[in-house]
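# Make a model of this:
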Amino acid sequence: MGKAPSLTSLCLEEVKNELLREDDLVPVICKLPTDLFDRLLLQLPPLPLLKLEMAMNLSSEDKGEQEYNDAGHGNGRKRGRNLSNEDKEEQEYVDAGNENRRKRGRDFGSEDKEEQEYDEAGHGNGGKHGRVSGWDKAWKYLFELRWPKLVDQNEYVDWLQIYWETHLQNCLDQAAEIALLPLFDGCLGEIEIPDTILKQIGYENYMKVATCDYSKLYFHCQEFGRFARCLRIQNNICGREISHLLRNCKLQSLVLWWIRSKEQVGGLCELLNQNSESLSSLEFAHCKLSSASIDEIFGSLAVNNVPTHVLQSFSITTSTFLEKNLDSLPLGLVSFLSSRSLYSLKLPYNYLGRNFAKMIFNTLRDASSGLSVLDLSENNISGWLSEFIPRFSSSGPMLLGFGKSLQSLRELNIRGNDLDEDDALGLRYAMVHMPHLESLDISDNPIEDGGIRNLLPYFVEASEKCSPFKDLYLENCDISNGGVLELINTLSTLKKPLECLSIADNVLGSQVAAALGNLLSTSIQTLHISGIGLGSPGFEDLEKSITQTQELKLVEISISKNRGGIATANFLSTLMLRAPKLESVNAAYNWMPVEASYIVCSAIKAAKGNLGFLNLRGNNLDGLTTHGLTEIQQAGRPVLNISSLPILSARHDDDP
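Take a look at the predicted model:
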């Protein structure tokens, strides 16, 4: 026979049920002792918890506290002179809660009075119980119960806001599925939310008699839209009705999927216009857009009927433009690209040709754009960059930052564009127009050794001019060991060495190991050399090359798929002792035998570094030996994330 529930538990359960029905208990709950109040918070489902918090913030019995809410924070001290001792203590709780709230900097928007009062009164003050952490703990607990895999993605956030935002996203996703059914021919707002979702927020069957219809989508949009900052909208719910349903939102980020028809563009434009003053990020995925629709979209972003916008990030991914060979960019896009607020422009996987890329770059350059991130990856822009090569010479002097330039560009991603040796030479001259470039990704382009040699003069000049360039990605570029040796030898002697280098998935062999060891002795912090064919001899040479080094500055290294066997473990053992700042190691699929377990585990225990991630997947390690490492924690969280799967039958095929 189970243990009978305590009287306290029964009372708290009844309080929870009453909160779902009405607000009459709020004055009583305000007077609960702190321990009971905290217990109640952790037992309440989302709906009554939200109801309690809003009621306690907006409907206080105490006249002085009501004046405080109406007059603002500034009069708190003056009123405190006329309060009783008990009320003074309560006022101190409230003031402290609001001070904490201001420090956290949360802003739900000042136009909505109720929402502003909610912010200023302090999410977490709880009237008499000024415990910000109590409310946050309760909302985080509910979030973790419902979406355990998303908790780590939402650190240091307002858990109430992110809970209801994620809930609303679930409702919209369910509505999109229902709207896809052939028999659906109704209003979007009338779509019924499944019971599985309703029960997760505390909905009970007896609530069907309530004045509000919890089962309809429009209720969830109306009640919880004010909490939504980032939403994802699918095409079949992106009609004229969506802007009305989400009228309470102040969106900061919006992702659109499968937008194709004129009606969908029209509904989207109304939604964009509603959020034009708050929206900072806009992303399209799997869409088909015409020049006219692009002009309409950017026109709807105008703030106060002025052709300016506040967008900082814009992305079109895996989409197509209906006009195949544009002679000029849509006027709306040209105006948009000229904006000073634009920070990031990403156009990957869009089948863009060389002419489109040329127009984009020239528009940005001529407008002296403030853009920091430009992503043109996985398109077909081969041949465009060759236009930057000076006609008088293919190896003439470069003047970094000369003429019109993208002064603020920090990151350039042009991977997967079928660029060759000549394109690499053109890129060398194109980067003259990017004097503050920090990161270049040219991976998955067959530039070969000739392309590397064409780029080397830029790296040398950038270093001599103290350029901020520091990250280089050359994965799968058909480079031989000769080309890489030439690259590494140049990088190792630069006045300002790189911080990050990736040459993964190039067939290099063990001949480059000694040069890599020399590179590790520089200030490099991140090195990716997965799948380059080091083998056991390569790891042995790497280990020897760093043995005499006093201390490495390495933070992250990836050495997976190199078939190093026991030599991989020996290298890791030496590396961990020499690199106290090492945080992340990927050593997967290296054919490490069972005895490597003891070497790696001993090295981790002996090292005094900050290692927080170790990937040993695909190695034949001893589970009993590595098991104890998972218990190492810091601040209540596992420091080491060890993914180790033994090789049961066939070895991993890491051939390209």
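
# Let me know the pLDDT of residue 309.
Predicted confidence (pLDDT) for residue 309: 76.

# er, residue 579 I mean
In this model, residue 579 is scored at 93, pLDDT.

# Measure how buried it is and give me the count.
Here the number of neighbours of residue 579 (other CB atoms under 10 Å) works out to 24. C-beta: built from backbone N, CA, C; applies to glycine.

# Surely it and residue 552 touch.
Yes: the criterion here is CB atoms under 8 Å, and residue 579 meets it with residue 552 at 4.2 Å.

# residues in contact with residue 372?
343-344, 408-411 (CB atoms under 8 Å, 6 or more residues apart in numbering).

# ok, those vs residue 185, which is closest?
residue 344 (40.0 Å; CB to CB).

# Just say helix, strand or coil for residue 517.
When classified by DSSP: H, G, I helix; E, B strand; the rest coil, residue 517 comes out as helix.

# Can you report how many residues neighbour it?
19.

# Flag the shaky bits of the chain, pLDDT-wise.
Along the chain, the model assigns pLDDT under 70 to residues 1-2, 22-23, 59-133, 155-156, 205-211, 305-307, 391-404, 608-609, 622-656.

# Give me the phi and psi angles of residue 374.
phi -130, psi 120 (degrees, to the nearest 10).

# which residues does it contact?
Residue 374 neighbours (CB under 8 Å, 6+ apart): 345-346, 364, 406, 409, 411-413.

# do that again at 10 Å, thanks
Neighbouring residues of residue 374 by CB atoms under 10 Å, 6 or more residues apart in numbering: 344-347, 360-361, 364, 406, 409-414, 434, 437.

# right, and residue 151 touches residue 139 too?
No: with contact defined as CB atoms under 10 Å, residue 151 does not count as touching residue 139 (11.6 Å).

# which neighbours do these two share?
Contact criterion CB under 10 Å, 6+ apart; residues shared by residue 151 and residue 139: 159, 162.

# And these two? Which one has more around it.
Ranked by neighbour count (other CB under 10 Å), residue 151 and residue 139 place residue 139 first, with 25 against 14.

# Is the more buried one located within a strand, as I assumed?
No: using three-state DSSP, the assignment for residue 139 is helix, not a strand.

# Who are the packing partners of the helix or strand residue 172 falls within?
In this structure, residue 172 sits in helix 159-179 according to DSSP states H and E. Judged by 3 or more CB pairs under 10 Å, 6 or more residues apart in numbering; DSSP states H and E, the packing partners of helix 159-179 are helix 46-58, helix 132-146, helix 195-200, helix 217-224, strand 230-234, helix 240-245.

# Can you show me the CA trace of it as PDB?
What follows is helix 159-179, C-alpha atoms only, in PDB (Å, rounded to 0.1, in the frame of the first residue of the first chain):
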ATOM      1  CA  TRP A 159      12.300  30.800 -19.100                       C
ATOM      2  CA  LEU A 160       8.700  32.100 -19.000                       C
ATOM      3  CA  GLN A 161       9.100  33.800 -22.400                       C
ATOM      4  CA  ILE A 162      10.900  30.900 -24.100                       C
ATOM      5  CA  TYR A 163       8.300  28.400 -22.700                       C
ATOM      6  CA  TRP A 164       5.300  30.100 -24.200                       C
ATOM      7  CA  GLU A 165       7.200  30.900 -27.400                       C
ATOM      8  CA  THR A 166       8.100  27.300 -27.900                       C
ATOM      9  CA  HIS A 167       4.500  26.200 -27.000                       C
ATOM     10  CA  LEU A 168       3.100  28.600 -29.700                       C
ATOM     11  CA  GLN A 169       5.600  27.200 -32.200                       C
ATOM     12  CA  ASN A 170       4.300  23.700 -31.500                       C
ATOM     13  CA  CYS A 171       0.700  24.900 -32.000                       C
ATOM     14  CA  LEU A 172       1.600  26.600 -35.300                       C
ATOM     15  CA  ASP A 173       3.400  23.400 -36.500                       C
ATOM     16  CA  GLN A 174       0.300  21.300 -35.600                       C
ATOM     17  CA  ALA A 175      -1.900  23.800 -37.400                       C
ATOM     18  CA  ALA A 176       0.300  23.500 -40.500                       C
ATOM     19  CA  GLU A 177      -0.100  19.700 -40.500                       C
ATOM     20  CA  ILE A 178      -3.900  19.900 -40.200                       C
ATOM     21  CA  ALA A 179      -4.100  22.600 -42.900                       C
END
